[in-house]
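**Student:** Structure here, sequence nowhere to be found:
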């Protein structure tokens, strides 16, 4: 195990449902990330949180709403999703992520959770 | 444009055989390159990291090479095992140790008995 856990591991939801994905890291890291992994596409970075503050949002639709109550926990709230949102959602954490002029940057190795396989029907 | 291209897209080999996966990148300036292994239904796990000054690095049966001049990297797997079946992802960091990450699409390796 990498020290990053995600729940649930599998989720099927309708387009009108509201659900949340949870990520927890036990590594003492200060930065956490949400990625989307679709079939045959590179990982897409969605959000970055550094010391509980959101430092990056890569033009993600508002139907995805992240929340980071503390450095160990990260949530992704989902509502009114579309079928094309079906994917594997990966959470990652790293020791630190330094904010520099022009945008957030990432530091050190990122440790990934097992992911949540989301299917939108 | 900063890109990471991996080949082949998929590969099937017999158990015990060797194979080589390729990664070409245009990310500049280059900081480091990391190979991840992602088992089905799991998150990626780092296998090895290559910096500008390193040409070869091994991790058990995995050997990564880097040619920073041609911007190419390879991951060689020797004496493959069934457990090697996974997606192998090449990730390049741009600029510095704090730089942005660029992900390849991965090579799906299947090892048959």
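**Tutor:** That came in fine, so what should we check first? All of these numbers come straight from a predicted model, not from anything done at the bench.

**Student:** and residue B:25, what does it touch?
**Tutor:** Counting by CB atoms under 8 Å, 6 or more residues apart in numbering or on different chains, residue B:25 touches B:2, B:3, B:4, B:5, B:33, B:71, B:72, B:73, B:90, B:92, B:102, B:104. Backbone N, C-alpha and C define where each C-beta goes, glycine included.

**Student:** wouldn't the fifth one be in contact with residue B:90 here?
**Tutor:** Spelled out, that is residue B:33. Yes. Residue B:33 is in contact with residue B:90 according to CB atoms under 8 Å; the separation is 6.7 Å.

**Student:** what residues are shared contacts of these two?
**Tutor:** Listed as contacting both residue B:33 and residue B:90 by CB under 8 Å, 6+ apart are B:23, B:25, B:73.

**Student:** Now do the strands in the chain.
**Tutor:** Looking at chain A here, since you left the chain open. Ranges of strands within chain A are A:4-7, A:10-13, A:18-25, A:31-37, A:44-50, A:53-57, A:64-70, A:73-79, A:87-94, A:99-100, A:103-104, A:111-112, A:116-120, based on DSSP state E.

**Student:** nope, chain B
**Tutor:** All strands of chain B, identified by DSSP E, fall at B:4-7, B:10-14, B:19-25, B:30-38, B:45-51, B:56-59, B:62-67, B:72-77, B:86-94, B:101-103, B:107-112.

**Student:** Which of these sits closest to residue A:55?
**Tutor:** Residue A:55 lies closest, by CB to CB, to one member of the strands of chain B: strand B:101-103, at 14.3 Å.
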